[in-house]
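Asks: Here is my input; please provide its structure:
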Amino acid sequence: MADEQLYLRSKAIIEPLVDRFFAWPYTIAPVQAAMNLAFLQVPLLESYLQSPQVHVAASNNPELRGGYFINIPEERADEVRDLLATIKRDRADMLAFAHAIAAGQEILRANATGFDLTPLYPKLPTELAGLVELAYDTDNQAQMRFLEPVVYKSAVYQEERQSVQLSLETGIERPFILSTPRLPSPDVLELQIPFRHEGLAELFKSRVHPTTLAHLRDALGLDDAQTKQLRTLLTDKPSLSEDRHIENGGRIRYFGHACLVLQTPEAAIVTDPFISADSDKTDRYTLDDLPDYIDLVLITHGHQDHIVLETLLQLRGRLGAIVVPRSSRGNLADPSMALMLRNQGFTVIEVDDFDEVPFPGGKITATPFLGEHCDLDIRAKSTYWAELAGKKVFIGADSSGIEPSLYRYMKDHLGQADIAFLGMECDGAPLTWLYQALLTIPVTKKMSNSRKLSGSNAEQAAAIMTELGAKEAYVYAMGEEDWLGHVMATTYTEDTYQIKQIEEFLTWCKERDIPAGHLFKQQEWRW
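Replies: Residues are numbered from 1 along each chain as shown. From the prediction side, this is the model:
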């Protein structure tokens, strides 16, 4: 049976891990990963070990959903203790680097008074030597700029931190990814390989193209026990949807959250791919509904629900390139998505505002993205303008309408949008929820709560529509789909402020005869 033709089961999932924590840009990009490891993940593990029962109880309290609590049973506390000891031993260079950043920032605050910065280099911790540049901005405020490509070549970037878990989707919500490390499990295939490993691309190509167990064993370097476990993830029948391609015109499918699949007979574009694997469900599009080849993936920004390695790794063997916004080069809060993804084996196109990326029969234009990042100097964020099959589509992600005039410039340059997709999570999490580990000066709770991860409210969404002159408007679901809980951890009711704002915006559209809707799970547009 060694030459039996096999396909990856549609319900197979991957969890990419970094020191057993779920992988996302701030746990992969080396500077930010060091800060998160030292100032979030290690203290989190230590807190759990002091009171495992408190963490487990909090993890199961609906009012604390999305909090930083480890949801691992107390009887496995010794495994968590071993994980912490391993991190402190094997990641000593990373931890020292993070503490050196904090110390270096303090040296700058105390000594950078507008005069020559050259004498400060010898005063910096040795861990920073050759990895940073000191500079003033034009307001005479000193800053430390990280030489990010060099950091990837240093001991701070440790690819051996990476591993993957492969299993079958159970339909049971997984623990929250920002807080709970993944321990070994009998029904999970553990692979200590980096994300760029070519064997992963071979495995996930077998969703579309059959392969053999022997080939995958060689490609992944498996032993007998791992090979036996991998066989449970394979089947002799493909499960691809018959209507995953189109023969004429254009089509947009909403796959949930901020994920759109835009298609013509010649090309396919996917935005912020975050896609369900559960093919037993009939209320959503899944990985089975994706076209066999994807020309471009568009990433709007670096938050964990928009650049989802769990989905991206499954696309690598059937993907042309990932389009990402350009970062500010060296800013602590703004890691380069291009560098990060290239180091994971992807082909990447980096864009600035109004850069164009052609694809067969159409083009993508990168457009500006305002707000949603707690007023931090994060420039690696982009909305997009897609032109295909005679339609112009604005892909707004979580961009805010805080300055409506911006969208007037976009219309003047690109014309009138036929369809606009907007994000309206207008009361998002506070600054410290996502960025606490990067802040080297504490902020007050009041300050943190004033700076939120918020998209447009009703007034701002209406302003975007007015300035773009878009003919139709659709609001993304805000983590409401039930398969996203392990990443989103959101809960809404009909009285929630965000839901009320969406209703107000939809009323505004209805009064102006603008077709509009609040998206949920799946929808399709054809022309």
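Asks: burial of the residue nearest to residue 20 when sequence neighbours are not counted, as a residue count?
Replies: Closest residue to residue 20 apart from its sequence neighbours, by Cβ to Cβ, 6 or more residues apart in numbering: residue 181 at 4.0 Å. C-beta coordinates here come from the backbone N, C-alpha and C atoms, glycine included. Using other Cβ atoms under 10 Å, residue 181 has 24 other residues around it.
Asks: Distance check, residue 181 against residue 81.
Replies: Separation of residue 181 from residue 81 (Cβ to Cβ, to the nearest Å): 12 Å.
Asks: now residue 402
Replies: In terms of Cβ to Cβ, residue 402 sits 46 Å off from residue 81.
Asks: Tell me which helix or strand in this structure has the weakest average pLDDT.
Replies: The helix or strand of the chain with the poorest confidence is helix 485-488; it has a mean of 93 (mean pLDDT, DSSP states H and E).
Asks: I'd like to check what contacts it. Which residues are they?
Replies: For helix 485-488, the external contacting residues (Cβ atoms under 8 Å, 6 or more residues apart in numbering) are 66, 173-177, 257, 274, 304-305, 308, 478-479.
Asks: Among those residues, which one sits closest to residue 160?
Replies: residue 177 (21.0 Å; Cβ to Cβ).
Asks: That closest one: neighbouring residues, count only.
Replies: By other Cβ under 10 Å, neighbour count at residue 177 equals 23.
Asks: Can you list phi and psi of residue 205 for me?
Replies: Note on residue 205: backbone dihedrals following degrees, to the nearest 10 are phi -70, psi -20.
Asks: so who does the closest residue to it other than its chain neighbours touch?
Replies: Spatial nearest neighbour of residue 205, chain neighbours left out: residue 317 (3.7 Å); criterion: Cβ to Cβ, 6+ apart. Residues near residue 317 by Cβ under 8 Å, 6+ apart: 201, 202, 204, 205.
Asks: Which members of the residues you listed are positioned in helices?
Replies: Among these, the members found in helices (DSSP state H) are 201, 202, 204, 205.
Asks: out of these, who's nearest residue 214?
Replies: For the ones in helices among the contacts of residue 317, the nearest to residue 214 is residue 202 (11.9 Å; Cβ to Cβ).
Asks: Isn't the closest one up against residue 211?
Replies: Yes - the criterion here is Cβ atoms under 8 Å, and residue 202 meets it with residue 211 at 6.9 Å.
Asks: between those two, what contacts are shared?
Replies: Between them, residue 202 and residue 211 share no contacting residue, judged by Cβ under 8 Å, 6+ apart.
Asks: Touching stretch 347-355 from outside, list them.
Replies: By Cβ under 8 Å, 6+ apart, stretch 347-355 touches 296, 319-326, 337-338, 341-342, 357, 365-368, 382, 413.
Asks: okay, how far is it across it, tip to tip?
Replies: From its first residue to its last, stretch 347-355 covers 17 Å (Cα to Cα, to the nearest Å).
Asks: Return the set of buried residues in that stretch.
Replies: Neighbour-count burial for stretch 347-355, counted by 16 or more other Cβ atoms under 10 Å, picks out 348, 349, 350, 351, 353, 355.
Asks: Now render those residues as JSON lines, adding distance to residue 142, secondary structure and pLDDT.
Replies: Converted to JSON lines, the buried residues of stretch 347-355 look like this (distance: Cβ to Cβ, whole Å; DSSP: H, G, I helix; E, B strand; the rest coil; pLDDT from 0 to 100):
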{"residue": "348", "distance to residue 142": "32", "secondary structure": "strand", "pLDDT": "98"}
{"residue": "349", "distance to residue 142": "34", "secondary structure": "strand", "pLDDT": "98"}
{"residue": "350", "distance to residue 142": "28", "secondary structure": "strand", "pLDDT": "98"}
{"residue": "351", "distance to residue 142": "30", "secondary structure": "strand", "pLDDT": "98"}
{"residue": "353", "distance to residue 142": "28", "secondary structure": "coil", "pLDDT": "97"}
{"residue": "355", "distance to residue 142": "31", "secondary structure": "coil", "pLDDT": "98"}
